[in-house]
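Chemist: 3D, please:
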Amino acid sequence: MKKKYKLILGAALAALVAAAALVAALRPLPAVTATVTREDVASTLTVTGYVTPQSEIALTAPFAGELGAVSVAAGRTVAAGEVLAELDVAASRRAGLMAREQLEQQLAAARHNYESLYGEEGAAETKPVLITAPFAGTVLAVHAAPGVFVQTGQILFSLYDQSAVKIEASLLAEDALRFQPGDVVSGTTADGATLEARIEFISPVAEERISTVGLTESRSRVELSVTALPARIGAGQPVDLVFRGVLAADTLTVPLTALTPAGETDFAVYALRNGKAVLTPVVTGMRAGGRVEILSGLAAGDIVIAYPYEAKVKDGSRVAAPSAASED
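Modeler: Numbers count the residues shown, from 1 in each chain. Predicted coordinates:
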């Protein structure tokens, strides 16, 4: 009697285990799903560009002389006609006299220069010459310090028009090939302001440069126009630029995580059909930004398992009511 009881108890336990296994097998698996949508497959890259004058003008010394007080510094905005410095041309006369005394072997040349400047028929001024700004702009650089003797034609100041600037950036040559003049790029300035810039020029010539990690890179120069910049942003200021390159426009896509290998070179996804995961072969195209182009095998609006490995689904697995995949 005791033996018969044990057999009945064992059979009951086996039945319970089998029932539990059956229930577990039939229970829908929770899974994150995603909808097949039409959108661009695009990649983005962020680089730092720098504000650069479209053009600049160099102010040179009209005569040799000693540079007096300089009233401006780099970054200062000046008005047209504003005095930037005084040039003491009388000092050049003294320098000429000293040169004539010290360099007797060049006496003839020194006398010719001296007489042409300071003789009775000389044209040189003896009163200070004012160096003024030819237009309203911003001082890019001051090239000579007060008290320095400068030669005729020597560069004293560089000026540029703050309203006429561009942004220059450098892209890896292979990245530059994905863009063309006219493409719009978004940017963020150092003070947090956002802007839009348009690619005007991409150099067809790549230059080899050493990267920050010591690798040799081929890079292409890119020039971008910008309609307006904050008043505080001038030449040399950095701008974070986001380039967005469309690899495939308005095409069927799914999350890259939805793909599962199907053979050595093929791929498949688990499509949700009638509450079950159905392993569906697909032909893929471009990949970027966490999305993959689907050339065949799916249609817009189909539901796929976004993370099949995490969900541990198999072909024919029952899947719980779908939950949308995060776009992040």
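
Chemist: can you give me the helices for the stretch 51-200 of the chain?
Modeler: Here the stretch 51-200 of the chain has its helices, by DSSP state H, counting those that start in this stretch, at 90-102, 107-118, 173-176.

Chemist: which of those comes out lowest on mean pLDDT?
Modeler: Across the helices of the stretch 51-200 of the chain, helix 90-102 has the smallest mean pLDDT, namely a mean of 60.

Chemist: got the CA coordinates for stretch 278-287 in PDB?
Modeler: The C-alpha trace of stretch 278-287 is given here as PDB (Å, rounded to 0.1, in the frame of the first residue of the first chain):
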ATOM      1  CA  VAL A 278       8.800  34.600 -37.200                       C
ATOM      2  CA  LEU A 279      12.400  34.400 -38.500                       C
ATOM      3  CA  THR A 280      12.300  36.500 -41.700                       C
ATOM      4  CA  PRO A 281      15.300  36.700 -44.100                       C
ATOM      5  CA  VAL A 282      16.100  40.300 -45.200                       C
ATOM      6  CA  VAL A 283      18.400  42.000 -47.600                       C
ATOM      7  CA  THR A 284      20.200  44.900 -46.000                       C
ATOM      8  CA  GLY A 285      21.800  48.100 -47.300                       C
ATOM      9  CA  MET A 286      23.400  51.100 -45.700                       C
ATOM     10  CA  ARG A 287      24.000  51.300 -42.000                       C
END
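
Chemist: show residues contacting that stretch.
Modeler: 41, 247-248, 251, 256, 259-260, 262, 266-272, 292-298, 315-316 (C-beta atoms under 8 Å, 6 or more residues apart in numbering). C-beta here means a position set from N, CA and C on the backbone, and glycine is covered the same way.

Chemist: could you tell me the end-to-end distance of stretch 180-188?
Modeler: 21 Å (C-alpha to C-alpha, to the nearest Å).

Chemist: avg pLDDT for that stretch?
Modeler: The model assigns stretch 180-188 a mean pLDDT of 93.

Chemist: got it, and stretch 222-239?
Modeler: What stretch 222-239 shows for mean pLDDT is 90.

Chemist: next one: it to chain centre, how far?
Modeler: Mean-position distance between stretch 222-239 and its chain equals 13 Å (C-alpha atoms, centre = their mean, to the nearest Å).

Chemist: what about that stretch, start to end distance?
Modeler: 13 Å.

Chemist: so how far is residue 203 from residue 32?
Modeler: 45 Å (C-beta to C-beta, to the nearest Å).

Chemist: cool, and residue 319?
Modeler: Residue 319 is 52 Å from residue 203, by C-beta to C-beta.

Chemist: more neighbours: those two, which one.
Modeler: residue 319 (21 against 15; other C-beta atoms under 10 Å).

Chemist: who's the more buried one bridged to?
Modeler: Listed by DSSP bridges, the beta-bridge partners for residue 319 are residue 29.

Chemist: just checking, it touches residue 32?
Modeler: No - using C-beta atoms under 8 Å, residue 319 is not in contact with residue 32, being 10.2 Å away.

Chemist: which residues are common contacts for the two?
Modeler: What both residue 319 and residue 32 touch, as defined by C-beta under 8 Å, 6+ apart, is the set 305, 311.

Chemist: of the contacts of stretch 278-287, which qualify as buried by neighbour count?
Modeler: 41, 247-248, 251, 259, 267-272, 292-294, 297-298 (16 or more other C-beta atoms under 10 Å).

Chemist: now, these that are in helices?
Modeler: With DSSP state H as the criterion, helices contain none of those.

Chemist: of those, which pair is most distant in space?
Modeler: With distances taken as C-beta to C-beta, the most widely separated pair in these is 247 and 272, at 27.1 Å.

Chemist: OK, contacts around the residue nearest to residue 30 when sequence neighbours are not counted?
Modeler: What sits nearest to residue 30 in space, not counting adjacent residues and going by C-beta to C-beta, 6 or more residues apart in numbering, is residue 320, at 4.8 Å. Residues near residue 320 by C-beta under 8 Å, 6+ apart: 28-31.
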